[in-house]
Every structure is written in C-alpha cells, then in structure tokens.
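In: Okay, sequence plus prediction incoming.
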Amino acid sequence: MNKLKITISTLILVLTGISALAQQNYPKNLFVYALENRVSYQGKAPKISDFITAFLDVEETDEMMGNVRSAWEHYLRHEPQNPCVQLMVDEKNGYLRYTFDARLCEDFEDLDALTLFEMCYWNCADGKHKLIAMNVVSMMDGKYIIGQYSGINYYLYDNATRQIWIVSAEDLNAEIEPAIDEANYETGELMRMNDETVVVCKLPQQGKDINVDIYHGNRKTSTGLLWDGMRFKRL
C-alpha cells in the first residue's frame, strides 16, 4: 500500500511538472510576424513609453495610431494637447491611455463621439517575454459601437532580441464570444449596440486581468480574462 501511494504521488509530481513546463513555453510557430522596429531603451528593462515609441516610430500608420502619435509627440515636447485630446502615461504600472472626445473640439462640438486607446504590458512567467496589449473602445451618442479600429491586439516582446511579434487572441486563450461580425469590421462600418453585439474590454492600469462587458440591445453581461503568467483564462 505504501509503495502504491509513493508511485501515485510520484506520478502526480511528474504530471504536474509536465503541465508546468508546457505552461512556461510558447510554441515556436507563434513567432512568425515581427514588427519593423526593435525596442530601444535605457536601464534594465523597457517601459511603456519605450513600447509606444517602437510602435509609433514607423513611416506609415493607420489613422488611429497617427492620432496617438500626434499626441505622443506633444507629450514628449511638453506641449499642451489639443482640447479634445487627453494622454495619460503611467510608467510605474506600465499603462498608457489616449482619449479623443469630439465634444471638446471646436470643429466637432456637435458630434457626440469618443474614442479610447489604451496600452499595457505583462511580464511573462517564462522570464523571456512580455505580453503587450493595445485596445480601442469607441462610443457614439453615448453608446458603445464597433468602429474600424475597435478591439484588442496582442504582441509578444522577446527580452533577449528586443523584437516584438504579433500574436492572436486565440494563441493566448483570449478569445471572447460572441465574436465581432468580420464583414462589418473589415469595412469599418459602425454598428450600434442596439443592432449588434458589442464587446467592450478594459485593460488593467493596476492588476493583471482584463475586464469585459458584452452589450446586446439593452442587455449587458460582464466577464473577464484572467492572466496566469503566460495566457488568459475566461472568468
């Protein structure tokens, strides 16, 4: 009986070790699509400002990132932002938020539209990578909508090479159902929450988990993505 207990205990330890090892590694096939720029920084590790600089230091950007870049350049030069723009950089917690409120702009004061861009990163449990997330939330007339750039994009940063790799939500177990209508998403057509399901994510300024609200008509459900050090688990 004692030998049986020892054998079972040993087997449990082996299986636990195998599971832990699998959890600590990202498969090589994740590292296929790399960003143009490597991350440049001073000190022991990059900060959120180093990451946003790497993403913006390219010749061409889409409209969303172009707006963020303009605000970032004002920030670096210690210049005041456009009245309808707010930029908050939290180096300590590795978080950045850009907000565009059209109601505060002279040219768009009659347009009730708000766009939120946020960025944060997590240290990975393998000690080799950092996970970076960039999230865009759009509102129109006080309601959440799916705009051209809405949603979260994920990236893995390699500590050794300073390279950033594009990864999918599926790779990180971060998919949220119900999914966005791809046809409307690709054309950039705005879809109001009364007509379609809208998934609204909020990245953590503090903590490690992503809060998720799902709107459909007048119904709202809340869930979350829990960070385990390498991937996410659905709340």
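Out: In hand now; what should we look at?

In: Now do stretch 143-159: distance from first to last residue.
Out: 40 Å (Cα to Cα, to the nearest Å).

In: spatially speaking, which residue is in the middle of this structure?
Out: residue 133 (2.3 Å; Cα atoms, centre = their mean).

In: check contacts around it.
Out: 119-122, 152-155, 203, 210 (Cβ atoms under 8 Å, 6 or more residues apart in numbering). To be clear about C-beta, it is placed using only N, CA and C from the backbone, and glycine gets the same treatment.

In: Dig out what it forms beta bridges with.
Out: For residue 133, the beta-bridge partners are residue 120, residue 154 (DSSP bridges).

In: again, but for residue 96
Out: Judged by DSSP bridges, the bridge partners of residue 96 are residue 89, residue 119.

In: Distance of it relative to residue 27?
Out: 29 Å (Cβ to Cβ, to the nearest Å).

In: More neighbours: the two, which one.
Out: Neighbours per residue, other Cβ atoms under 10 Å: of residue 96 and residue 27, the larger number sits with residue 96, 26 against 8.

In: So the more buried one is in contact with residue 90, correct?
Out: Yes: Residue 96 is within contact range of residue 90, at 7.1 Å (criterion: Cβ atoms under 8 Å).

In: Between the two, which contacts overlap?
Out: Common neighbours of residue 96 and residue 90 (Cβ under 8 Å, 6+ apart) are residue 48.

In: Would you mind listing where this structure has pLDDT under the threshold?
Out: The chain contains residues with pLDDT under 70 at 1-24, 109, 178-195.

In: where do the strands sit along it?
Out: 85-90, 95-101, 113-123, 129-140, 143-146, 151-158, 164-167, 191-192, 197-202, 210-216, 219-227, 232-234 (DSSP state E).
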